[in-house]
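Student: generate a structure from the sequence data that follows.
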Amino acid sequence: MDVEDYPRTLLEFEDRFRTEDACRDYLFALRWPDGFVCPRCGGRTGWEGSRGRVICGACRYQATVTAGTIFADTRKPLRLWFRAMWLVTSQKSGASAIGLQRVLGLGSYPTAWTWLHKLRRAMVRPGRDRLSGEVEVDETFVGGTEDSVHGREAGKKALVAIAVEKRGVHGFGRVRMARIAEASGPVLLSFIAGAVEPGSVVCTDGWKGYNGVAASGYRHKATVLSGRGKDAALQELPRVHRIAGLAKRWLQGTHQGRVAPDHLDYYLDEYTFRFNRRASATRGKLFYRLVQQAVEAEPAPYKRIVGGRPATAQPPPVVAGGVN
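Tutor: Have a look, this model is predicted:
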C-alpha cells in the first residue's frame, strides 16, 4: 500500500470497499506493511488458506488479519465495520449509537454502542508524543448542577483535566483530556506527567494542587485568579476554557449528554482524536488513521467494555447529562 492510501470521497470509498476481500486486503496492508508476520512465532513466510486465513510457513499457525485487533471474533462483515468507521470519521461531529444503528441497520442499540466504544479504544495511539512548548492546564466539570458542592469538589459530576498547547498568539496546538478523581496535587501532577513533555512551560491558575509543577521538571507559569472576577480565567487560560466548552457542546449535541462516568474517558479520547486532526485535508485521512490504529489496538470484548453489566435496549442512563 502507498503511504497514506485512503479514499477521499464517499464515491471512492464505496468503489474501493465493495467486497470483503477488498476490506481484508486493506487491513492486511496496514497491519503488515512489510509483509506477513506470524503473530505466534514471528515467521515471515506463509500462504493463503481458506476463509481469509494465512498459514504460517514456519509453525503452520492459521492467522487472520482481524485476530488480536478490535475486529477480533466479529460476526459482522468487514464491509459493515468499514462503513461504521467512514460514518464516524466523515461527519465532523461524529455519530451517536442510535444514529449508527439506524444508518447501518444494526439489530440492536447495544451492538451499535459497543462498536463505537471499540472504535474509541482505537483512537488513542500507543506511545503518542506528549505535548510540548507552552501548555495551558486546567480542570472542568462535566455534569448537571449540584447543590452543596463548592470549589473544586466533584460530587456526582465528573472532573476532567485538560492540557492544550499554545500556538502563536491565539492558536491551538494539540489537546489531551482525562477524567480525574480529584484536583489534588498528586493527581494533577500525574496527569501533567503523562500529557506534557518535561521541560515545557506549564501555565496554570494559582490552585495549590499545581504547587509541585516546577519541582517535577517543568517551567511553571502560575497566575493567581482569585479576586479578579469571573472573566479572569478566560483571559489567562483561554485555550483550555475554549476546549472545555467545545467538548461539552459536542457531548450534549452528538450524544445528548448521555455519557456514563465509567465511559467518559473514551468519549474524551474521541473528541481529542477529532480535534488533533482538525486540519486534515480530507475526512478520508481520519478514516485512514482510525483503520490504521484499529489493527494495532487490542481486542475489547463486550464484557470488558461494560464492566460486567448486562446490555440494555436503551442508551446508558443520564449520569453526566447536563454540562457546566
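Student: right, and the helix or strand after the helix-or-strand element of the chain with minimal mean pLDDT?
Tutor: Taking mean pLDDT, DSSP states H and E as the measure, helix 232-236 is the helix or strand of the chain with the lowest mean score, a mean of 72. Using DSSP states H and E, the helix or strand that directly follows helix 232-236 along the chain is helix 238-255.
Student: averaged pLDDT, the helix or strand containing residue 189. What do you get?
Tutor: Assessed by DSSP H and E, residue 189 sits inside helix 185-195. Computed over helix 185-195, the mean pLDDT rounds to 97.
Student: and residue 5, backbone torsions?
Tutor: The main-chain torsion angles of residue 5 are listed as degrees, to the nearest 10 and equal phi -90, psi 110.
Student: quick one, helices of the stretch 1-150 of the chain?
Tutor: In the stretch 1-150 of the chain, helices defined by DSSP state H, counting those that start in this stretch lie at 10-16, 20-31, 78-90, 97-104, 109-121, listed in chain order.
Student: what comes up buried for the third one?
Tutor: What it means is helix 78-90. Neighbour counts over helix 78-90 (16 or more other C-beta atoms under 10 Å) mark 78, 81-90 as buried. Where you see a C-beta, it was placed from the backbone N, CA and C, and this is true even at glycine.
Student: tabulate those (TSV), appending distance to residue 306 and pLDDT.
Tutor: Compiled in TSV, these are given as follows (distance: C-beta to C-beta, whole Å; pLDDT from 0 to 100):
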residue	distance to residue 306	pLDDT
78	24	97
81	20	98
82	25	98
83	24	98
84	19	97
85	21	98
86	26	97
87	22	96
88	20	96
89	24	96
90	27	93
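Student: count the residues that sit near residue 195.
Tutor: 22 (other C-beta atoms under 10 Å).
Student: in which helix or strand does residue 179 reside?
Tutor: Residue 179 belongs to strand 171-180 when assigned by DSSP H and E.
Student: where does residue 224 land on pLDDT?
Tutor: Residue 224 is given a pLDDT of 86.
Student: I figured it hits residue 205, correct?
Tutor: Yes: checked against C-beta atoms under 8 Å, the pair residue 224 and residue 205 is within contact range at 7.2 Å.
Student: show me the contacts for residue 160.
Tutor: 139-142, 177-180, 244, 247, 264, 268 (C-beta atoms under 8 Å, 6 or more residues apart in numbering).
Student: kindly report the same for residue 177.
Tutor: Residue 177 makes contacts with 160-163, 243, 247, 268-269, 271-272, as judged by C-beta under 8 Å, 6+ apart.
Student: ok, now residue 296?
Tutor: 31, 69, 122, 125-126.
Student: for it, which three-state class applies?
Tutor: Secondary structure of residue 296, reduced to three states by DSSP: H, G, I helix; E, B strand; the rest coil: coil.
Student: thinking again about what came up before, quick one: the strand holding residue 179 to helix 238-255, angle?
Tutor: Taking axes from the mean of the first three to the mean of the last three C-alpha atoms, to 10 degrees, strand 171-180 and helix 238-255 form an angle of 70 degrees between their directions.
Student: strand 171-180: how far from the chain's middle?
Tutor: When distances are taken as C-alpha atoms, centre = their mean, to the nearest Å, strand 171-180 is centred 11 Å away from the chain's centroid.
Student: pull up the pairing partners for it, direction included.
Tutor: Sheet pairing for strand 171-180, assigned by DSSP bridges, gives strand 158-167 (antiparallel).
Student: then the partner strand to CSV, C-alphas only?
Tutor: Taking C-alpha atoms only, strand 158-167 is exported to CSV below (Å, rounded to 0.1, in the frame of the first residue of the first chain):
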residue,chain,number,x,y,z
ALA,A,158,-17.0,14.3,36.6
LEU,A,159,-13.8,16.3,37.0
VAL,A,160,-11.8,16.5,33.8
ALA,A,161,-8.2,17.7,33.4
ILE,A,162,-7.4,19.5,30.1
ALA,A,163,-4.0,20.4,28.6
VAL,A,164,-3.7,22.5,25.4
GLU,A,165,-0.6,23.5,23.5
LYS,A,166,-0.3,27.2,22.6
ARG,A,167,0.4,28.1,19.0
